[in-house]
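Q: Give the three-dimensional model of this entry:
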Amino acid sequence: MLSPSDKYYPACLHYAPKYKATLWVLILLADLEADRDDPRTVRPLKIIKEHFYDSAAHIYSLKDDHFPIPCLNGNIIYLDAYFNKGAVSRESLAAARFFSRHQRFDDGEYTVPASEYCSNKSCYGKHSCYWGIVKLFKGLSFIPESVRTDSMKDLLGNCVQYILLHNVCYRSHDKNRIMINKIDRLTFPNMYQSDFLEILWLLSREKIKSEKIYPALALLKSKRKTDGNWNLERKINNLITSIGKVNQPNQIISRRAAQVLDYYDSQDVLFSRHFSKIT
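A: Residues are numbered from 1 along each chain as shown. You can find the predicted model right below:
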């Protein structure tokens with residue numbers, strides 16, 4: 001917990017220290033598929049939503065720091081939708097509307113002129129922050145389809161197209177190179193910088209089928225061990241000891257990887273034929 005004397009207080013209260021504060025603990029619980037009815041999650045979720053919500057901009061923010069931050073908003077929308085079983089609050093719906101209007105999807109150059117929003121170069125450089133787009137996608141994915149507005153669907157679709165442009169985890173201008181350091185190393189929990197498996201899992205949740213997913217599926221399949229499991233390859237340092245040991249079989253990662261491959265392997269002949277070539 002940050003003290004009033006800390007330089008990041010109060011803007012980053014419940015956000016810092018990284019991977020130890022309330023926000024990150026809730027993400028860990030959601031990624032572990034914790035009981036949504038557990039009353040112990042109600043108060044901390046309410047606290048972070050009230051603390052981060054900017055009633056003027058109608059988004060979640062760290063005040064002037066990196067305003068506006070797509071990953072922060074995506075993560076809170078995810079938590080809101082997960083723990084409330086899809087009954088997303090008006091604050092999270094407002095945040096989704098904001099990013100449907102202002103989120104950028106630049107890929108090496110600015111496709112549209114800069115606006116009063118989305119001008120910070122950390123989140124909106126010539127290549128829009130990939131993790132910001134992934135986390136927006138994650139949050140929207142947990143909003144039930146029945147309550148998604150047209151603008152939400154458009155934003156989710158733009159996130160998917162941007163991910164497919166990069167074949168999930170490869171550079172758009174060099175398909176043989178991983179686009180972000182360590183994105184190809186399996187990790188858990190999925191905090192800010194997660195991994196390509198989380199992206200594949202989200203794509204399968206949304207029933208996205210495209211040949212552009214094949215390279216990442218091949219990468220995932222290549223990592224399966226002879227016993228049918230996948231190892232934890234990268235540790236997230238946080239308050240709670242990392243779930244499992246590095247370079248050892250990981251039950252959570254293995255279950256998610258199997259779900260992804262089972263989904264795509266069952267879809268059609270083209271997917272099955274491609275998988276047979278990389279088995």
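Q: mind checking how far the longest strand along the chain is from the chain centre?
A: Selection of the longest strand in the chain by residue count, based on DSSP state E, yields strand 174-178. Centroid separation for strand 174-178 versus its chain: 21 Å, with Cα atoms, centre = their mean, to the nearest Å.
Q: Now the element after it, going C-ward?
A: strand 187-188 (DSSP states H and E).
Q: Counting by contacts, list what the longest strand of the chain packs against.
A: When contacts are defined as 3 or more Cβ pairs under 8 Å, 6 or more residues apart in numbering; DSSP states H and E, strand 174-178 packs onto strand 170-171. Using the backbone N, CA and C atoms, a C-beta is placed for each residue, glycine as well.
Q: could you give the mean pLDDT of the strand it packs on?
A: What strand 170-171 shows for mean pLDDT is 97.
Q: and that strand, what does it pack onto?
A: Packing partners of strand 170-171 (3+ Cβ pairs under 8 Å, 6+ apart): strand 174-178.
Q: For the strand it packs on, which strands pair with it and how are they oriented?
A: Here strand 174-178 is paired, per DSSP bridges, with strand 170-171 (antiparallel).
Q: Next one: Ser146 from Ala87, what distance?
A: When distance is defined by Cβ to Cβ, to the nearest Å, Ser146 is 11 Å away from Ala87.
Q: Compare neighbour counts for the two and give me the winner.
A: More neighbours surround Ala87 than the other of Ser146 and Ala87, with 11 against 6 (other Cβ atoms under 10 Å).
Q: Just the terminal-to-terminal distance for stretch 177-187.
A: In terms of Cα to Cα, to the nearest Å, the two terminal residues of stretch 177-187 are separated by 19 Å.
Q: got it, and stretch 106-115?
A: 14 Å.
Q: wait, what's in contact with Thr187?
A: 194-195, 232-236 (Cβ atoms under 8 Å, 6 or more residues apart in numbering).
Q: Now, of these, which are buried?
A: Among the contacts of Thr187, those classed as buried by 16 or more other Cβ atoms under 10 Å are 194-195, 232-236.
Q: Now, those residues that are in strands?
A: 234-235.
Q: And the buried ones among the contacts of Thr187, which is closest to Val25?
A: For the buried ones among the contacts of Thr187, the minimum distance to Val25 (Cβ to Cβ) is 12.3 Å, reached by Ile236.
Q: Am I right that the closest one is in contact with Trp24?
A: No. Using Cβ atoms under 8 Å, Ile236 makes no contact with Trp24, being 9.1 Å away.
Q: and for these two, which residues touch both?
A: In contact with both Ile236 and Trp24: Met191, using Cβ under 8 Å, 6+ apart.
Q: Name the residues that touch the longest strand of the chain?
A: Here strand 174-178 has contacts from 167, 169-171, 184, 215, using Cβ under 8 Å, 6+ apart.
Q: out of everything not next to it in sequence, what's closest to Arg97?
A: Ser151 (6.0 Å; Cβ to Cβ, 6 or more residues apart in numbering).
Q: how far away is that neighbour from Cys169?
A: Taking Cβ to Cβ, one finds Ser151 at 27 Å from Cys169.
Q: So between the two, which is more surrounded?
A: Set side by side, Ser151 and Cys169 show more neighbours around Cys169, with 22 against 14, by other Cβ under 10 Å.
Q: Could you verify my assumption that that one touches Asn181?
A: No. The pair Cys169 / Asn181 is not scored as a contact, 11.1 Å apart, by Cβ under 8 Å.
Q: Closest one of the contacts of Thr187 to Arg255?
A: Leu232 (12.6 Å).
Q: Give the bridge partners for that closest one, please.
A: Counting by DSSP bridges, Leu232 is bridged to Val246.
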